[in-house]
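A.B. asks: Got a predicted structure plus its sequence, pasted below:
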Amino acid sequence: MDSQTGELLSWILTQDFAPKGTAGAFQEYDNKYVNVKKGSLAGLSTVLAAYKLFNYCHSYKEFKHKWPRKYH
Amino acid sequence: MNENLFASFITPMILGLPLVTLIVLFPSLLFPTSNRLVNNRFVTLQQWMLQLVSKQMMSIHNPKGQTWTLMLMSLILFIGSTNLLGLLPHSFTPTTQLSMNLGMAIPLWAGAVITGFRNKTKTSLAHFLPQGTPTPLIPMLVIIETISLFIQPMALAVRLTANITAGHLLIHLIGGATLALMSISATTALITFIILILLTILEFAVAMIQAYVFTLLVSLYLHDNT
């Protein structure tokens, strides 16, 4: 358990959270799904779906009470 | 109901930090840059569209006006992508905020006017008086033309804000009406159809960009190149 936590910690520290690192992560996604020779709509629409999901989670609180139910 | 209606226009914050910065920066992710000669489909499509738009828009300018190409093309891309992304559900559209549109409109308009005044002072001042006006009308017309000049940036900003905000509000309202009417059907189908049509029309938010950049363009053209 200790070694696992230690490994997890060192793994997290290897992930570069600086802007340069996150740009690297975007570039990985880019090169794998968008930047290919015959990239299609799927690469772009996954990004848009993720954006939509993010917005949904962010505004969850505001429409939680708007669900169609009998008594508000 | 009132508070819920305008809730989607509140600047999004997360734990007190401005999330709006990330949302404004997000469309830039969708336009990858590439230094290759032959690119992938995505980049080729975007470059083709950009070339089409820039040719159509900047061909009427002389070389001095064409130095504004980069600025105007990034403007049209930014406003277009931001408006289109705002059509996704629950998303925040930065161009609904008047502050942002004023921040775009005023510097660009001022740059065009000042360029015109600096390089072609007499011609710029001559714009205040259309040709062939009767002499008694001249003072009033100068005043009117001055007012119309100074109202240009306000009109640019408010036009964009009002159009996008009104469109979003209508979608919220009609969507809510559809949901409420679902228990009383037969009207539902009609209203859902109206929603669809409205959304399609709103997709011509891209036309809004066209209007924005084109208007800006006309202003630049008149002040700078005439």
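C.D. replies: Great, that's in hand. Numbers count the residues shown, from 1 in each chain, chains lettered A, B, ... in the order given.

A.B. asks: Going by C-alpha atoms from here, please, whenever you check contacts or count neighbours.
C.D. replies: Noted.

A.B. asks: Any buried residues in the top helix by length along chain A, and which?
C.D. replies: When chain A is parsed with DSSP state H, its longest helix is helix A:41-58. Judged by neighbour count (16 or more other Cα atoms under 10 Å in any protein chain shown), helix A:41-58 contains these buried residues: A:G43, A:Y51, A:K52, A:N55, A:Y56.

A.B. asks: Ok, stretch B:175-190 next?
C.D. replies: B:G175, B:T178, B:T188.

A.B. asks: again, but for stretch B:159-167
C.D. replies: In stretch B:159-167, counting by 16+ other Cα under 10 Å, buried: B:R159, B:L160, B:T161, B:I164, B:T165, B:G167.

A.B. asks: Also stretch B:25-38?
C.D. replies: So for stretch B:25-38, counting by 16+ other Cα under 10 Å, buried means B:P27, B:L30.

A.B. asks: And for stretch B:85-100?
C.D. replies: With burial defined by 16+ other Cα under 10 Å, the residues of stretch B:85-100 counted as buried are B:L85, B:G86, B:L87, B:H90, B:S91, B:F92, B:T93, B:P94, B:T95, B:T96, B:Q97, B:L98.

A.B. asks: filter the buried residues of helix A:41-58 by proximity to chain B?
C.D. replies: Applying Cα under 8 Å from any Cα of the partner chain to the buried residues of helix A:41-58, one finds that A:K52, A:N55, A:Y56 fall near chain B.

A.B. asks: Show me where chain B dips below the pLDDT cut-off.
C.D. replies: Along chain B, segments meeting pLDDT under 70 span B:1-4, B:15-17, B:186, B:203, B:206-208, B:210-211, B:214-215, B:217-219, B:221-226.

A.B. asks: What parts of it come near chain A?
C.D. replies: Residues of chain B lying close to chain A (Cα under 8 Å from any Cα) are B:L30, B:N39, B:N40, B:R41, B:F42, B:L88, B:P89, B:H90, B:S91, B:F92.

A.B. asks: Now do the phi/psi pair for the residue lying closest to the last one once chain neighbours are set aside.
C.D. replies: Across the structure, with Cα to Cα, 6 or more residues apart in numbering or on different chains as the measure, the residue nearest B:F92 apart from its sequence neighbours is B:G86 (5.9 Å). In this entry, B:G86 is assigned phi and psi values of phi -70, psi -10 (degrees, to the nearest 10).

A.B. asks: And the one 4 residues further on, by the same measure?
C.D. replies: B:H90 has phi and psi values of phi 60, psi 10 when expressed as degrees, to the nearest 10.

A.B. asks: Run through the residues that contact it.
C.D. replies: A:K52, A:N55, A:Y56, A:S59, B:S8 (Cα atoms under 8 Å, 6 or more residues apart in numbering or on different chains).

A.B. asks: Can you add distance to B:G116 and give those back as a markdown table?
C.D. replies: Below are the contacts of B:H90 laid out as a markdown table (distance: Cα to Cα, whole Å):
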| residue | distance to B:G116 |
| --- | --- |
| A:K52 | 44 |
| A:N55 | 44 |
| A:Y56 | 47 |
| A:S59 | 46 |
| B:S8 | 40 |
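
A.B. asks: ok, the residues you listed vs B:I76, which is closest?
C.D. replies: Using Cα to Cα, A:K52 comes nearest to B:I76 of the contacts of B:H90, at 22.9 Å.

A.B. asks: how close does B:P130 sit to B:T121?
C.D. replies: 16 Å (Cα to Cα, to the nearest Å).

A.B. asks: When these two are compared, which one has more neighbours?
C.D. replies: Using other Cα atoms under 10 Å in any protein chain shown, the more surrounded residue of B:P130 and B:T121 is B:T121, with 14 against 11.

A.B. asks: Please name the residues that touch that one.
C.D. replies: Neighbouring residues of B:T121 by Cα under 8 Å, 6+ apart: there are none.
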